[in-house]
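> Fold the following, please.
(one chain, ligands or ions: 1)
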Amino acid sequence: MQVTEIYRSIQGESSYAGLPCIFVRLTGCNLRCAWCDSEYTFQGGRRMGLEEVDAEVRCLASSGLVEITGGEPLLQVREAVLLMQRLLALGYTVLLETSGERPLANVPPAVIKIVDVKCPHSGESGTFREQNLEALTAQDEVKFVLVDREDYEFARNFTQQHQLTMRVRSVIFSPAFRRDASGARDTSHCLLDPQQLAQWILADGLDVRLGLQIHKFIWEPSMKGV
Ligand code: SF4
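Okay, the predicted model is just below:
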């Protein structure tokens with residue numbers, strides 16, 4: 001499989017945020033979200049066999065969380081599924097971060113899926129595969145990255161229309177982060193003020209989680225591999 005990087009850091013998103021986690025970041029993405037901070041994964045990387053990836057992961061930690069991410073990891077679905085099966089068999093808790101555009105049907109049931117639904121200002125709205133709703137389970141999470149009120153209303157309406165909070169463990173509304181952010185490790189780089197988002201969520205009485213990408217507050221925001 002084509003791999004951009006494998007490293008251990010603190011999980012920055014989802015309800016697993018704050019926990020140590022090994023990241024296996026696969027190369028390539030078929031979307032081009034306006035605020036994407038992972039453009040360096042679109043090409044390059046190194047060709048690795050399953051055994052090599054497995055060995056590198058085990059070198060970093062022998063148990064705990066592993067996240068398969070990208071880019072879009074399900075572009076390499078055959079290899080990604082084999083890797084997830086292998087990591088589950090070794091006793092890791094496996095997270096999969098995916099754009100929601102690729103079919104989820106072949107993902108092993110024990111894998112915790114963190115699935116994006118792209119909002120209007122991502123520039124990739126409409127790419128979510130509606131059949132994927134049926135593949136979501138009570139352990140999974142759905143994430144919306146928001147830039148403004150229009151994105152918020154899209155996320156709110158989608159959540160309500162599909163009763164997402166009944167389907168999954170966590171529905172996450174997260175402010176987009178400026179992709180050229182550097183320097184200050186604070187909310188000045190958020191394209192939507194978290195305080196404003198909090199007020200909207202509370203005013204509408206939504207049972208969703210406000211998510212901040214905590215790795216942007218722990219490390220210098222432009223740092224890769226953290
Ligand atoms: S799906 Fe993820 S990796 Fe691909 S362009 Fe969007 S944010 Fe970037």
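
> hey, let's count contacts and neighbours off CA atoms from now on
Fine.

> Kindly state the beta-bridge partners for the residue nearest the centre of the chain.
For the chain, Glu97 is the residue whose C-alpha lies nearest the centre (Cα atoms, centre = their mean; 3.9 Å). Per DSSP bridges, the residues bridged to Glu97 are Ile114.

> Contact partners for it?
By Cα atoms under 8 Å, 6 or more residues apart in numbering, the contact set of Glu97 is Glu67, Ile68, Thr69, Gly70, Glu72, Pro73, Lys113, Ile114, Val115, Asp116.

> Kindly provide the distance from it to the ligand.
9 Å (Cα to the nearest ligand atom, to the nearest Å).

> which residue lies farthest from the center of the protein?
Most peripheral residue of the chain (Cα atoms, centre = their mean): Ala203, 26.4 Å.

> quick one: secondary structure of that residue?
Three-state call for Ala203 (DSSP: H, G, I helix; E, B strand; the rest coil): helix.

> Equivalent analysis for Lys118, please.
Assignment for Lys118 (three-state DSSP): coil.

> Give me the neighbour count for the nearest residue to Glu150 once chain neighbours are set aside.
Spatial nearest neighbour of Glu150, excluding adjacent residues (Cα to Cα, 6 or more residues apart in numbering): Pro120 at 7.4 Å. Pro120: 18 surrounding residues under other Cα atoms under 10 Å.

> Around the ligand, pick out the residues from the protein.
Counting by Cα under 6 Å from any ligand atom, the chain comes close to the ligand at Cys29, Leu31, Arg32, Cys33, Cys36, Ser38, Gly70, Gly71, Glu72, Ser99.

> coming back round to it: what's near enough to touch the residue nearest to Glu150?
Taking Cα under 8 Å, 6+ apart as the test, what Pro120 contacts is Glu150, Asp151, Phe154.

> can you tell me which of these are in strands?
Among the contacts of Pro120, no residue falls in strands (DSSP state E).

> May I see the ChimeraX selection of the buried members of the residues you listed?
Here is the ChimeraX command that picks out the buried ones among the contacts of Pro120, judged by 16 or more other Cα atoms under 10 Å:
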select :151,154
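
> will you turn the contacts of Pro120 into JSON lines that also has pLDDT and distance to Arg47?
Below are those laid out as JSON lines (pLDDT from 0 to 100; distance: Cα to Cα, whole Å):
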{"residue": "Glu150", "pLDDT": "98", "distance to Arg47": "41"}
{"residue": "Asp151", "pLDDT": "98", "distance to Arg47": "37"}
{"residue": "Phe154", "pLDDT": "98", "distance to Arg47": "39"}
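
> What about the residue nearest to Met48 when sequence neighbours are not counted, how many residues nearby?
Closest residue to Met48 apart from its sequence neighbours, by Cα to Cα, 6+ apart: Met1 at 5.3 Å. Residues near Met1, counting by other Cα under 10 Å, number 19.

> what's the distance between the residue nearest to Glu150 and the ligand?
Pro120 is 12 Å from the ligand, by Cα to the nearest ligand atom.

> Show me which strand runs longest in the protein.
strand 2-10.

> what pLDDT, on average, does it get?
On average, the pLDDT along strand 2-10 is 97.

> Now do that strand: everything it contacts.
So strand 2-10 is in contact with 17-27, 41, 44-48, 56-57, 60, 70, 215, 225-226, going by Cα under 8 Å, 6+ apart.
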